[in-house]
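J.: Sequence first, predicted coordinates after that:
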Amino acid sequence: MSNNKNSGRNKMDFKSLWKKGSIQKKSRITADVVWNVILFFIIIGVIGLFFAGGVGAGYFASLVKDEEVRSKEQMQESIYNYSETSEMFFAGDEMLGKVRSDLYREEIKLDEVSDNVTNAVIATEDEYFKEHSGVVPKAIMRAVVQEVSNSAVKTGGSTLTQQLVKNQILTNEVSFERKAKEMLLALRIERFFEKEEILEAYLNIVPFGRNANGQNIAGVATAAQGIFGVEAEELSIAQAAFIAGLPQAPYAYTPFNNDGSIKSEEGLEPGMDRMHEVLERMYAAEYITKQEYEEAKDFKITKDNLANSTTSANVTYPFLTNEIKRRAQDILEVQLAEENGHSEKDLEEDEELAKEYRELAERRLTSGGYQIKTTIDKKVYDTMQEVKNDYGDRFGREKTITKENAEGEKYEVTLPVEVGSVVMENTTGKIYGFIGGRDFEESQVNHATNPYAARSIGSTMKPLLVYGPSIDMGEGHPATVIADVPYEYPNTAPGEDGEVNNYSGTHHGLVSARYALANSFNVPAVKQYEKIVDQNPAKNYLEKMGISNLTEETSDYSRPSLALGAKAITVEENTNAYGTFGNNGKFVDAYMIEKIETKDGETVFEHDTEETEVFSPQSSYLTIDMMRDVLDYGTASSVRGKLTNPGVDWAGKTGTSQSYKDSWFVATNPNVTVSMWTGYNEVAQLDPGYSSRTQGAWANVVNALSEIRPELMVPENDFEKPEGIVEQEYCATSGLLPSDLCESVGLDRDDLYIEENAPDEEDDSLVSGNFVEVDGELVVAGPDTPSEFVTGEDGVVLSPEFLEENGYTSEDVLDELIPNSDNWNQVSLPSSSASEASSSNINNDGQSPSSPRSVTSSGSTVDWAPSSSDDVVGYRIYRASSAGGSFSKVGSTTSTSYSGLGEGVFAVRAVDYFGMDSSLSDTTTIGNPGAPEPVTDSSSNNDSESSSGSESESENISDSEGQESETEQRSEDSSSSGENEESSSDNDSGSNDNSGSEDDSSSDDDSAADNSSGSSGESSDESGNDVGSDDSSGAGDSSGSGDSSDAGDSSGSDDSSGSDDSSGADDSSGSGDSSGSDDSSGSDDSSGADDSSGSGDSSGSGDSSGSGDSSGSDDSSGSDDSSGADDSSGSGDSSGSEEDEGDSTESQASGTEDDSTDSESSSSDNNSEESSDSSSNQSSDDESESSETESSEENTTSP
């Protein structure tokens, strides 16, 4: 026991402390401190949160400060302005197809979408869609954490509303600013729109990969059709799940490759996995039952349950859809520019500006959901393609050319003949159809409408630039006479070849504008254009007709070659220009886009037809009338025979470009204009026959369209002739009113005129009289001048004043000036001023001219040196059958050579202006007549000469000497190229009276007739009785041309046997039949009957009775007149040239074809040397002109 009493009290007693409250007091103090500390941190935390929130809010505000506060209307416009593919329509609102686009989309209403789709989309993309107000903070925080932690699984934090904002209002930019704006706009959208509206918009804008055609698609309607081939409301649960999973990675999950083929099984797995994921979410969200889930999981993607690829309009109608898109885009480009204050001219002058609006217009067109209504008639368009395909190889053969690439490597390219064609209505400008090319897969160039496919238009330019404007200006009319003679372009530099050439390489003399256009002669077109070029027809006419690519830099307003089509324009432009004539001279711009509407039916564009008067109705009609002749007898004369409705009033023009690269035919009727072009893409020459092939294709198109659209292609009426058009006569030499002299030689014509421009002056281009050539000059024949040397009986020449006034002075021009056709053979050219010439200019010395010298022979030709006398007008050729035999005249000529002679002994006399002839020249022998040379008795030569000019052909000629048997004579004839001399030639001595009754006509007729076979000429006696020429006076034998049908002339027609000819012979010798009685012509007729000269004989040709024409024993066929016979073919010129147009399907001669033209006889059956000789050797009434091909047509009319 302790002695310390306080020891127990010093011990801590917990129980007493508790009772005393000490512990509680201290604990309360501690809890207060802790609470205060906690409260402090809470306060600090809240303040921090507010601060952070403020900072965050400030940051958020800074991110969205530039975003304008949008109204509901603005939000609505932005949300529902999703791209939608525009559609194209044929005329009559018949669906064509969709405009080619990078993305195809169709709009759909929510109530047309299956619930399976909406459930699948919500379950997959936004499970809180129905509860949130546009943003889900938890989802955003989760996405932020996943982003910061770089989590492998990123669920995303965007609601459907936010995705809608991102696709329709903002961009796909990844940034906090874009995300902040997205959240803000999503909240506003939720305030303004119902959930159903938001969901509908989302389903229409979201991308869904590719369809079965490999095209990019967006919108659930397009996805349902393009992937499964069903409507959106028909989608099954599995299909809906598959489609709903696509937006996350549309091109990874799509079942199609970009070419439309189905992916491999391995390639389909990602899409199937995604579908299963969507199904799981749909099941978890209780949108589908367990059973539906299990059934849907068994769905497999196979070819059988996917959509089939379809042929789009862009594949079926590639030329058409591309052209519609191009035109619609051009329209929208101008509209958008004008909305922003820019003009069309601004776009033309500023390439950068144009590019900007071009791109904007393309986006609008491909995504604006427009409905584009066109003028294209589906049946017309389809039919034109069928015709093109059926025509096939008839367009021409393919050609292979060698090209070189940028590296210098050469390679070969095979080119087909391409084609372009347009059918356009004249009054409205509507394009009903066109042919763009042979095969789009081979060449995508639209040869009908594309400006980059413009081609040189050749002679189709002539009506547009030359003849139409000339008539409209009063500077010409269809009857304007133009000289188609050698001509060079103005301002041709020395040494340069500036000659204007016709297609055939020949010239045609004085022709009318009508005839020149029908046959497409180049020289007249250029010469006429030169007359009007100072009035700028290119600007005042071509530009008004829509040809807008003319420039000063290329001298398009002044260069003469433009008259021949040396300018490239499109087939559409050429068609459009010709439609001006079809529309009475008013131009209406061609068009293809009728109207453009929005998807809501609002009209964005509607075509407004405007007319521009280019030609007066009168000048337009006259041009139409001229172009009718192109189809009647001109370069397209074969077309009408190919038409199933040949009575339709078509008027048109052919064309060929330089080097035969392009072939054209464009024609118009009162309703429509139809064009056809053929050529190669590259520089390659078309093969012969191209023009006929082009015209054949044109005719096939017209025939096919006439069958399906007769109301369009087969108008009931012809072009209506307007008031103010008159018909009037003109002279073919000058285009003025015909004088009596013009009418007397048959050169009066008639044509149509604008009344006020019709000629009112009388022609004075012709001078009448008998003319002969003396010492190289044409002079008026005297009273005693032998008619056989006269240039035509009552001859007519072009007056020197007329020639001088019109510049027809050079030798080259004069050689080509007189056409070789119709009555032109009665007109000659003076060597000098014939109007001033007279017999008084030539002095009569009373002496006979000196004889020709140096007579030689070669083959069947006799040549001699001219007489030294200066008043000689011609020469007479004589023949004896044997040396020492009597001579008879066989022909006469103004040259120093005579061809076509047979075996015999020959001599020549010179004849002077006063009818006196020389003694016989030395002789020359052809063949082997087997007798010594005859003795020339100069004294007898002139026994019967008289100052009256009658011939003395009796020298040493007696009846007994000259009386050869007819059969012998015939034998001689056949051996001497038909040179038939009658023994009755001693008729010369029988009567040499000046009346010309000299029965020499009988013998001469024979000889001359035969001679003409060789020389295309005839001998005529002094009286002018054209003995071999079927003396038009006829002495009973007007059929001297060989018209064996002449009765009473059986001896003549049978003279080849000589049976009756003796009567003629006797008559010639015995009676000296001064009347040139029938007998002479009778015997002659025999020569005409079998005489090749019969038809070809210039006298026969000149036979006014037409006995020499084809009706006379059909001399061309009945007689052996190889020359005359072929004459009917128009000099046989089967060159088949198509003047400026290329090939011709016909090889007929042109306007020179004249059965009565003896020049043809020489050119057709004789060699070229004989042919040329014949024109100068024979004293025919007709000048022998070389036949020229006017064109490829069967035309036999004169210019």
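T.: Yep, it's here.

J.: show me what contacts Asn574?
T.: Ile457, Thr460, Trp664, Val666, Ser675, Trp677 (C-beta atoms under 8 Å, 6 or more residues apart in numbering). C-beta: built from backbone N, CA, C; applies to glycine.

J.: Give me the subset of these lying in strands.
T.: Per DSSP state E, strands hold the following members of the contacts of Asn574: Trp664, Val666, Ser675, Trp677.

J.: And the last one, how far from Thr575?
T.: Trp677 sits 10 Å away from Thr575, going by C-beta to C-beta, to the nearest Å.

J.: Nearest spatial neighbour of Thr480, chain-adjacent residues omitted?
T.: Among residues not flanking Thr480 along the chain, Ala513 sits closest, at 4.4 Å (C-beta to C-beta, 6 or more residues apart in numbering).

J.: Isn't that neighbour up against Asp625?
T.: No: here Ala513 lies out of contact with Asp625, judged by C-beta atoms under 8 Å, at a distance of 11.5 Å.

J.: before we move on, the earlier item: quick one: which of the contacts of Asn574 is nearest Val780?
T.: Taking C-beta to C-beta as the measure, Val780 lies nearest Thr460 of the contacts of Asn574, at 48.8 Å.

J.: What are the neighbouring residues in contact with the residue nearest to Ser657 when sequence neighbours are not counted?
T.: Nearest residue to Ser657 in three dimensions, chain neighbours excluded: Ser456, at 3.8 Å (C-beta to C-beta, 6+ apart). Listed by C-beta under 8 Å, 6+ apart, the contact set of Ser456 reads Gly565, Ala566, Lys567, Ala568, Ser657, Gln658, Lys661, Asp662.

J.: For my notes, please list the residues you listed in JSON lines and give distance to Ala328 and neighbour count for each entry.
T.: Converted to JSON lines, the contacts of Ser456 look like this (distance: C-beta to C-beta, whole Å; neighbours: other C-beta atoms under 10 Å):
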{"residue": "Gly565", "distance to Ala328": "32", "neighbour count": "27"}
{"residue": "Ala566", "distance to Ala328": "33", "neighbour count": "17"}
{"residue": "Lys567", "distance to Ala328": "28", "neighbour count": "21"}
{"residue": "Ala568", "distance to Ala328": "25", "neighbour count": "15"}
{"residue": "Ser657", "distance to Ala328": "32", "neighbour count": "22"}
{"residue": "Gln658", "distance to Ala328": "36", "neighbour count": "12"}
{"residue": "Lys661", "distance to Ala328": "32", "neighbour count": "18"}
{"residue": "Asp662", "distance to Ala328": "30", "neighbour count": "24"}
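
J.: mind putting those residues in CSV, pLDDT, distance to Asp115 and secondary structure included?
T.: Conversion of the contacts of Ser456 to CSV gives the following (pLDDT from 0 to 100; distance: C-beta to C-beta, whole Å; DSSP: H, G, I helix; E, B strand; the rest coil):
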residue, pLDDT, distance to Asp115, secondary structure
Gly565, 94, 68, coil
Ala566, 91, 71, coil
Lys567, 93, 66, coil
Ala568, 95, 62, strand
Ser657, 95, 67, coil
Gln658, 91, 71, helix
Lys661, 95, 66, coil
Asp662, 96, 64, strand
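
J.: and of these, the nearest to Tyr357?
T.: The closest of the contacts of Ser456, once distances to Tyr357 are taken by C-beta to C-beta, is Ala568, at 27.1 Å.

J.: burial count for Met713?
T.: 23 (other C-beta atoms under 10 Å).

J.: swap in Asp625?
T.: Applying other C-beta under 10 Å, I find that Asp625 has 17 neighbouring residues.

J.: Tell me if it really is in a helix.
T.: Yes: per DSSP: H, G, I helix; E, B strand; the rest coil, Asp625 lies within a helix segment.

J.: so what's in contact with Ala513 and Asp625 at the same time?
T.: Contacts common to Ala513 and Asp625, judged by C-beta under 8 Å, 6+ apart, are Pro478.

J.: Spatially, and excluding backbone neighbours, which residue is closest to Met461.
T.: That would be Gly565: by C-beta to C-beta, 6+ apart, it lies 3.7 Å from Met461.

J.: Please report phi then psi for the one you found.
T.: phi 90, psi 30 (degrees, to the nearest 10).

J.: What of Phe256?
T.: Taking degrees, to the nearest 10 as the convention, Phe256 sits at phi -120, psi 140.

J.: Which strand residues bridge it?
T.: Beta-bridge partners recorded for Phe256 (DSSP bridges): Ile262.

J.: Could you pull up the residues touching it?
T.: Contacts of Phe256 (C-beta under 8 Å, 6+ apart): Gly209, Arg210, Asn211, Ala212, Gly214, Ile227, Ile262, Lys263, Leu306.

J.: Next one: the last one from Ala186, what distance?
T.: Relative to Ala186, Leu306 is positioned 35 Å away (C-beta to C-beta).

J.: neighbour count winner among these two?
T.: More crowded of Leu306 and Ala186, by other C-beta under 10 Å: Ala186, with 25 against 17.

J.: Quickly find the element holding that one.
T.: helix 176-192 (DSSP states H and E).

J.: So for the helix or strand following that helix, what gets flagged as buried?
T.: Past helix 176-192, heading to the C-terminal end, the next element that is a helix or strand (DSSP H and E) is helix 195-205. Using 16 or more other C-beta atoms under 10 Å as the test for burial, helix 195-205 gives Ile198, Leu199, Glu200, Ala201, Tyr202, Leu203, Asn204, Ile205.

J.: For helix 195-205, name the packing helices and strands.
T.: helix 115-125, helix 160-168, helix 220-223 (3 or more C-beta pairs under 8 Å, 6 or more residues apart in numbering; DSSP states H and E).

J.: Make CSV from these and add distance to His507 and mean pLDDT to it.
T.: Shown next, in CSV, are these (distance: least, C-beta to C-beta, whole Å; pLDDT from 0 to 100):
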stretch, distance to His507, mean pLDDT
helix 115-125, 82, 92
helix 160-168, 75, 81
helix 220-223, 69, 94
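
J.: and the ones you listed, which is most packed in?
T.: Sort the helices and strands packed on helix 195-205 by mean neighbour count, taking mean count of other C-beta atoms under 10 Å, and helix 220-223 sits at the top with a mean of 27.

J.: now what about the next helix-or-strand element following it, what contacts it?
T.: Once helix 220-223 ends, the next helix or strand along the chain (criterion: DSSP H and E) is helix 237-245. For helix 237-245, the surrounding residues in contact (C-beta under 8 Å, 6+ apart) are 114, 116-117, 119-121, 123-125, 208, 220, 223-224, 227-228, 230, 235, 253, 271-272, 274-275, 277-279, 282, 288, 292, 295-296, 299, 301.

J.: Kindly calculate the angle that helix 237-245 makes with helix 115-125.
T.: 40 degrees (axes from the mean of the first three to the mean of the last three C-alpha atoms, to 10 degrees).

J.: In stretch 547-555, which residues are buried?
T.: Residues of stretch 547-555 classed as buried by neighbour count (16+ other C-beta under 10 Å): Ile547, Leu550.
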